[in-house]
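>>> Build me a model:
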Amino acid sequence: MYTPLYYLLESEEGYRTSTPAKYWRIRSGIAQSDTSLTTEVNLALALQNYDGVESVDFATVWEQQHVKAERTGDSTANFIAWVNECMQ
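This is a model prediction of the structure:
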């Protein structure tokens, strides 16, 4: 259970054994040093191709780490605004 791809990829035993959220917001900082950028890209692509996931809001952010990476504004305010948008 190290990777969510276990549940999202047809080639994995965990496929269809859980129900992913319908809405996802992923921000990936290009300057991160903790993990490869392909980690977030693979997650976003798997989610976009999973039946039942309605929206994947994915963006990469220059000169930011992976925590609180935002193109503009405050990460908390941006997240709250995104949740409110999804609930409409």
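>>> who does Phe58 bridge with?
On the basis of DSSP bridges, Phe58 is bridged to Ile26.
>>> Please renumber the chain so that the first residue is 26 from this point on.
OK, 26 is where the count begins now, so the last one is Phe83.
>>> Identify the residues contacting it.
Applying CB atoms under 8 Å, 6 or more residues apart in numbering to Phe83 gives the contacts Trp49, Arg50, Ile51, Arg52, Ser53, Glu65, Val66, Ala69. Heads up, the C-betas are built off the backbone N, CA and C, glycines and all.
>>> buried set for stretch 77-97?
Buried positions in stretch 77-97, judged by neighbour count with 16 or more other CB atoms under 10 Å: Val78, Val81, Phe83, Thr85, Val86, Gln89, His91, Ala94, Glu95.
>>> Throw the contacts of Phe83 into TSV and include pLDDT and distance to Asn103, thanks.
Shown next, in TSV, are the contacts of Phe83 (pLDDT from 0 to 100; distance: CB to CB, whole Å):
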residue	pLDDT	distance to Asn103
Trp49	96	14
Arg50	92	9
Ile51	89	13
Arg52	87	9
Ser53	83	14
Glu65	88	17
Val66	92	20
Ala69	96	17
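>>> Counting neighbours, which of those end up buried?
Buried by 16+ other CB under 10 Å: Trp49, Arg50, Arg52, Ser53, Glu65, Ala69, out of the contacts of Phe83.
>>> Tell me if I am right that the first one is in a helix.
No. Counting by DSSP: H, G, I helix; E, B strand; the rest coil, Trp49 falls outside a helix, being strand.
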